[in-house]
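Asker: give me a 3D structure for the following:
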Amino acid sequence: MWEPFGARARRTIVRAQEVAHLFGSGFIGTEHIAFALAEGDDEVGHLLANALDREAIRERLGSLSEAPRSELVFTRGAKRSIELAFVNARRLNHNYIGVAHLALGLLDAGDPLDPGDPPALVPGGDVTALRAALAAVAADDDPTATRAKQIE
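Answerer: Residues are numbered from 1 along each chain as shown. Got it, this is the predicted structure:
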């Protein structure tokens, strides 16, 4: 399943697992993925860091804790986000999943704890503008270009 993921997208999923462990979660949810994406030192990370309320995510992560498991499972919302990352990549004729595709999948899936809202967006945040900015980043990431290969 992880073969089409670029190196940064894989690292983001691994970081989401680390965040889940850090907060004692027995699962990997959309909040964990959002938190990991917002930590990125790239255009996607900067866009999400400005749009997400990381303190609200931290509070939610602390309140969502459950008994640790030997293997973390993805929540339904996280699985849906990853599926939608594939959809976004295919729509752009990309044969890989990058961090921008993951971020778009996260926005498209919404927040399973509050359907209709992306995870912990900053109040008053413009979801439409964020989605457009992320789509532009994804579209500009040409998988055949040298720059794109260096980024991933």
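
Asker: can you give me the strands in the chain?
Answerer: With strands called from DSSP state E, the chain shows them at 27-28, 73-74.

Asker: for the ones you listed, which one ends up most surrounded?
Answerer: Among the strands of the chain, ranked by average contacts under mean count of other C-beta atoms under 10 Å, first place goes to strand 27-28 (a mean of 19). From N, CA and C alone the C-beta is placed, and that goes for glycine too.

Asker: helix or strand with the lowest mean pLDDT in this protein?
Answerer: Sorting the helices and strands of the chain by mean pLDDT, DSSP states H and E puts helix 146-151 at the bottom, at a mean of 38.

Asker: could the strands of the chain go into CSV alongside distance to residue 46?
Answerer: Converted to CSV, the strands of the chain look like this (distance: least, C-beta to C-beta, whole Å):
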stretch, distance to residue 46
strand 27-28, 23
strand 73-74, 26
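
Asker: for residue 89, which of those strands is the nearest?
Answerer: Counting by C-beta to C-beta, residue 89 lies closest to strand 73-74 out of the strands of the chain; the figure is 18.1 Å.

Asker: could you find the closest non-adjacent residue to residue 131?
Answerer: Counting by C-beta to C-beta, 6 or more residues apart in numbering, residue 107 is the residue found nearest to residue 131 once chain neighbours are left out, at 5.4 Å.

Asker: any idea how far apart the tips of stretch 36-46 sit?
Answerer: 12 Å (C-alpha to C-alpha, to the nearest Å).

Asker: repeat that for stretch 84-99.
Answerer: Start to finish, the residues bounding stretch 84-99 are 12 Å apart (C-alpha to C-alpha).

Asker: ditto for stretch 88-103
Answerer: End-to-end distance for stretch 88-103, by C-alpha to C-alpha: 10 Å.

Asker: report the buried residues of it.
Answerer: Within stretch 88-103, the residues scored as buried using 16 or more other C-beta atoms under 10 Å are 88-89, 92, 94, 96-103.

Asker: what's the answer for stretch 128-139, then?
Answerer: Buried, per 16+ other C-beta under 10 Å, within stretch 128-139: 130, 133-135, 137-138.

Asker: give me the residues contacting it.
Answerer: Under the criterion C-beta atoms under 8 Å, 6 or more residues apart in numbering, residues 43-44, 47-48, 51, 88-89, 92, 94, 98, 100-101, 103-104, 107, 121 lie in contact with stretch 128-139.
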